[in-house]
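I'll drop the sequence and a predicted model, then ask my questions.
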Amino acid sequence: MRKGVCGLLCLLALLLTAADSPAAPHSAEILWDKWGVPHISAKDTKSLFYAFGWAQAESHGDLLLRLYGESRGRAAEYWGQDNYEADKWVRLMGVPARARQWYEAQPPEFRGYLDAFAEGINDYARQHGDRLKDEVKVVLPVTPVDVLAHTQRVINFTFVSNQQSVMAALTRAGGTGSNGWAIGPAHSADGRALLLANPHLPWFDLFLFYEAQLTAPGINAYGASLVGFPVLGIAFNDNLGWTHTVNTLDGEDLYQLKLADGGYRFDGRVRPFETERQTLKVKQADGTVRDEQLLIKRSVHGPVVAETKDQAVALRVVGLDQPGTLREWWDMARARNLPEFEAALGRLQLPFFNVIYADRAGHIMYLFNGLVPKHASGDWQYWSGIVPGDTSATLWTSTLSYRELPKVIDPPAGWVQNTNDPPWTATFPLALDPAKFPPYVAPHFMSFRSQRSVRMLEADNRISFEEMIQAKHSTRSELADRLLDDLIRAARADGDESARQAAAVLEKWDRNTDADSRGAVLFTLWAQEMKLFEGEPPPGLFLKPWDEKNPVQTPAGLGAPQAAVAALKAAAAKMQAGFGTLDVPWGELARLRLGKADLPGNGGFDALGIFRVVGYTPTPDGHYRAVGGDSFVAAVEFSTPVRARVLLSYGNSSQTGSPHRGDQLALFARKELRPAWRTRAEIEANLEAREVLK
């Protein structure tokens, strides 16, 4: 009997090994629904990764290959001079070489999954090369090292650190952000945990999301990855789900070096730089290629990013010795409960992003996730500047452990939230005491968007699934609620006719940025005149400044009425000159344009304290086109079965001519989400195409 069982187990092990062996053929089915979402079912994990690579090549092939070419630091060689500076950054940061090291550091099993993902992309290109632009085919074949280089470039050298933030001495006022909610059973109408995933990213380039369902033995996850990633970064399964928001984590530090004798001073002596010369090839307009020499200098801190005659600045970035980001996400998607989820998170391979989590058991969690350098002294403000690099006293060599990071699990309020603010206001009553954490962990502030988020969560003690979706679409301006009444009174007291007319328009405004909201354009222009889009509000704008002891109600009151009225008159003059009226509907100016769509927009700028963030850019015809903000949205209720509604604002394909490029903008314009089809019956009832990969 024992021999029989042993033999059966050995045979089973042999069959399982064969199923995931390199020689085994891939076997997967892709059901494409009418929104262009691939629902992938595979016999084994390698086949799943293979099919996911194939699907991404079909939906984003041109973009995918371009991103991988850029991550090689060879974009100028492939596509010309305009890519030269980006190539220098990638090479200076050591991305291509480190990606090869990361690949070798992967566990053999996961290395095989990365191989399969790259193989899926290459097989698609071999069979359907006519669907790809000729100019990007130069990148083929892609390799699993390309996948890791792209991951590193996006996570470590776009989110954690990037060229713009370094040149601005760590100014992070860029266009990335997000909202995230987790609501526990005690705060939900039906006694079930709810999750809201609502990242705000640019609608182009390496920030694009790709929606998919991945099913194989041990996993059935639905969510989104950034294009080119082989795993889901925001996802849910039958038991749990999570989302991310960009956090206030200082994962990059700039060090000022004192140059001497061809090197730099460090701990009382002169150390030589580590140097390396690389050749960058640059394609010319006539098709020839020019060689450019790049000298890379590194100190003990990291690469030198700026240099004068006497001084230099070196950059140190977290996570470069942590090659397991993708595997961590993969294990998060396979987790069945909070302990398994935390076991994956606790490896701290993902160097950035808050985590907001909910599960079927009713647990909710907020985690200030990432790699926080461990410093001997200094607060967040100090480390946000350029620090002395001539002493080892400022050179960090380790990061905080998982247990040392700010975290909230199942708070009394029954909810957690984050809108890119520091961790301290994740829930109310406050559950995190900043005094119990090192002063360099995070700054102290609360944005208007975060205040709007908390107000909506506190307004209803029993939030339903439908009410959560309604709140997600809120376009109300917290800044307007804080200042508008005072601004109107000041404008009426001014005595100027244009000020009174502007006050009349603002008084009738509903304080939203819906398509039919009249007054939103005028208020936005006023905020621009008041320099509110430049980060910190101008000194004296508020009568009562922000108070950490009263974080949701402050700042308040208009403290500079004369300057505010002057700005209002200037905004009114611009509107009269441009439109001939002060009450242009928001959606007449703000447009949703992509593919064949041209629709009235809704949602507005983050600076206005709007939960539904949408960023716009001027167009030649005098309108503003949405270019970022609300991107992938998932509202999830952990019922039986799980109920979810989703939207990918710009559609699930970037390929020219694809029917799914911009096809969800009509839903966006109507503030609607669509069902997340997860069962085979649901998918086949909404089927566009079926592919079987072998």
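All right, it came through fine. None of these values were measured; they are calculated from a predicted model.

Isn't residue 556 up against residue 484?
No - counting by C-beta atoms under 8 Å, no contact exists between residue 556 and residue 484, whose distance comes to 12.0 Å. All C-beta atoms are positioned from the backbone trio N, CA, C, and that covers glycine.

the more surrounded of the two?
residue 484 (20 against 17; other C-beta atoms under 10 Å).

and residue 141, what element?
Remark: residue 141 resides in no helix or strand, with elements defined by DSSP states H and E.

What of residue 292?
Taking DSSP H and E as the definition, residue 292 sits inside strand 289-298.

Give me the distance from that strand to the chain's centre.
Taking C-alpha atoms, centre = their mean, to the nearest Å, the mean C-alpha location of strand 289-298 is offset from the chain mean by 32 Å.

now stretch 590-607
In terms of C-alpha atoms, centre = their mean, the gap separating the centre of stretch 590-607 from the centre of its chain is 20 Å.

what ranges do the strands span in the stretch 101-250 of the chain?
Assignment of strands within the stretch 101-250 of the chain using DSSP state E, counting those that start in this stretch yields the ranges 177-183, 194-202, 209-216, 219-226, 234-236, 240-245.

Reformat the ones you listed as CSV; add mean neighbour count.
As requested, those are arranged in CSV below (neighbours: other C-beta atoms under 10 Å):
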stretch, mean neighbour count
strand 177-183, 27
strand 194-202, 25
strand 209-216, 24
strand 219-226, 23
strand 234-236, 27
strand 240-245, 28
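
Which of the ones you listed sits closest to residue 431?
Distance to residue 431, taken as C-beta to C-beta, is lowest for strand 177-183 among these, at 13.2 Å.

That closest one pairs with which strands, parallel or anti?
strand 194-202 (antiparallel), strand 415-418 (antiparallel) (DSSP bridges).

Would you map out the domains in the protein?
25-167, 177-249+320-472, 252-317, 478-610 (automatic domain parsing).

Regarding the last one, how distant is the last residue from the first?
Between the opening and closing residues of domain 478-610 there is a gap of 6 Å (C-alpha to C-alpha, to the nearest Å).

if we can go back for a sec, summarise which helices and strands whichever helix or strand comes after the strand holding residue 292 is packed against.
On the C-terminal side of strand 289-298, the nearest following helix or strand under DSSP H and E is strand 304-307. If you count contacts as 3 or more C-beta pairs under 8 Å, 6 or more residues apart in numbering; DSSP states H and E, strand 304-307 packs onto strand 252-260, strand 289-298, strand 311-317.

out of those, which comes closest to residue 517?
Comparison of the helices and strands packed on strand 304-307 against residue 517 by C-beta to C-beta identifies strand 252-260 as nearest, at 39.1 Å.

what does the host helix or strand of residue 91 rub up against?
Under the criterion DSSP H and E, the helix or strand holding residue 91 is helix 84-92. Contact partners of helix 84-92, identified using C-beta atoms under 8 Å, 6 or more residues apart in numbering, comprise 70-77, 96, 153, 157, 163, 278, 280, 282, 292, 294, 296, 303, 305.

Now do it against strand 289-298: the angle between them, please.
For helix 84-92 and strand 289-298, the angle between their directions (axes from the mean of the first three to the mean of the last three C-alpha atoms, to 10 degrees) works out to 40 degrees.

buried ones in helix 84-92?
Under the neighbour-count criterion of 16 or more other C-beta atoms under 10 Å, helix 84-92 has 84, 86, 87, 88, 89, 90, 91, 92 buried.

any idea how far residue 265 is from the nearest residue to residue 304 once chain neighbours are set aside?
The spatial neighbour of residue 304 that comes closest, neighbours along the chain excluded (C-beta to C-beta, 6 or more residues apart in numbering), is residue 297 at 4.3 Å. According to C-beta to C-beta, to the nearest Å, residue 297 and residue 265 sit 15 Å apart.

average pLDDT across the helix or strand hosting residue 568?
Using DSSP H and E, the secondary-structure element containing residue 568 is helix 561-579. Averaged over helix 561-579, pLDDT sits at 95.

ok, and what's touching it?
Applying C-beta under 8 Å, 6+ apart, the external contacts of helix 561-579 come out as 483, 486-487, 490-491, 493-494, 496, 498-499, 501-503, 521-522, 525-526, 528-530, 538, 540-541, 558, 581-582, 584, 622.

List the buried residues of it.
By neighbour count, and taking 16+ other C-beta under 10 Å as the criterion, the buried residues in helix 561-579 are 561, 563-572, 574-575.

Any of the contacts of helix 561-579 buried? List them.
Burial by neighbour count, judged by 16+ other C-beta under 10 Å, picks out 483, 486-487, 490-491, 494, 498-499, 501-503, 521-522, 525-526, 528-530, 541, 558, 582, 584 from the contacts of helix 561-579.

Was I right to think residue 405 contacts residue 371?
No - with contact defined as C-beta under 8 Å, residue 405 does not count as touching residue 371 (9.6 Å).

give me the low-pLDDT residue ranges for the chain?
Screening the chain residue by residue with the criterion pLDDT under 70, one finds the ranges 1-24, 165-176.

Where is the longest helix in it?
With DSSP state H setting the assignment, residue counts place helix 45-71 as the longest helix in the chain.

name the helices or strands packed onto the helix or strand where residue 523 lies?
Assigned by DSSP H and E, residue 523 belongs to helix 520-529. Contact partners of helix 520-529 among helices and strands, from 3+ C-beta pairs under 8 Å, 6+ apart: helix 478-494, helix 497-508, helix 561-579, helix 586-589.

could you dump these to JSON lines with distance to residue 100?
Converted to JSON lines, those look like this (distance: least, C-beta to C-beta, whole Å):
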{"stretch": "helix 478-494", "distance to residue 100": "48"}
{"stretch": "helix 497-508", "distance to residue 100": "59"}
{"stretch": "helix 561-579", "distance to residue 100": "54"}
{"stretch": "helix 586-589", "distance to residue 100": "49"}
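
Tell me which of those helices sits nearest to residue 211.
Proximity to residue 211, assessed across the helices and strands packed on helix 520-529 by C-beta to C-beta, is greatest for helix 586-589 (25.9 Å).

Determine the set of other helices and strands touching the closest one.
In this structure, helix 586-589 makes packing contacts with helix 520-529, strand 597-600, judged by 3+ C-beta pairs under 8 Å, 6+ apart.

Can you name the residues in contact with the last one?
I take that to be strand 597-600. Around strand 597-600, the neighbours that count as contacts under C-beta under 8 Å, 6+ apart are 515, 585-588, 590-593, 662-663, 665-666, 668-669.

Swap in 7 Å and give it another go.
Surrounding strand 597-600, the residues in contact under the criterion C-beta atoms under 7 Å, 6 or more residues apart in numbering are 515, 587, 588, 591, 592, 662, 665, 666, 669.

Please list the members of those residues that lie in helices.
With helices identified by DSSP H, the entries of the contacts of strand 597-600 that belong to them are 587, 588, 665, 666, 669.

top of the residues you listed by neighbour count?
Neighbour counts for the ones in helices among the contacts of strand 597-600, by other C-beta under 10 Å, peak at residue 665, which reaches 24 neighbours.

dump the residue contacts of that residue.
For residue 665, the set of contacting residues under the criterion of C-beta under 7 Å, 6+ apart consists of 592, 594, 597, 599, 649.

wouldn't the first one be in contact with residue 671 here?
To tie it back to what came earlier, the one meant is residue 592. No - when contacts are counted by C-beta atoms under 7 Å, residue 592 is not listed as touching residue 671 (11.9 Å).

Which one of the two is surrounded by more residues?
Taking other C-beta under 10 Å, residue 592 and residue 671 do not tie; residue 592 has more neighbours (24 against 18).

How about the contacts made by the more buried one?
599, 601, 626, 665, 668, 669.

could those be laid out in CSV, adding distance to residue 683?
Below are those laid out as CSV (distance: C-beta to C-beta, whole Å):
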residue, distance to residue 683
599, 28
601, 31
626, 29
665, 23
668, 23
669, 26
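
from those, which single one is nearest residue 231?
For the contacts of residue 592, the minimum distance to residue 231 (C-beta to C-beta) is 26.2 Å, reached by residue 668.
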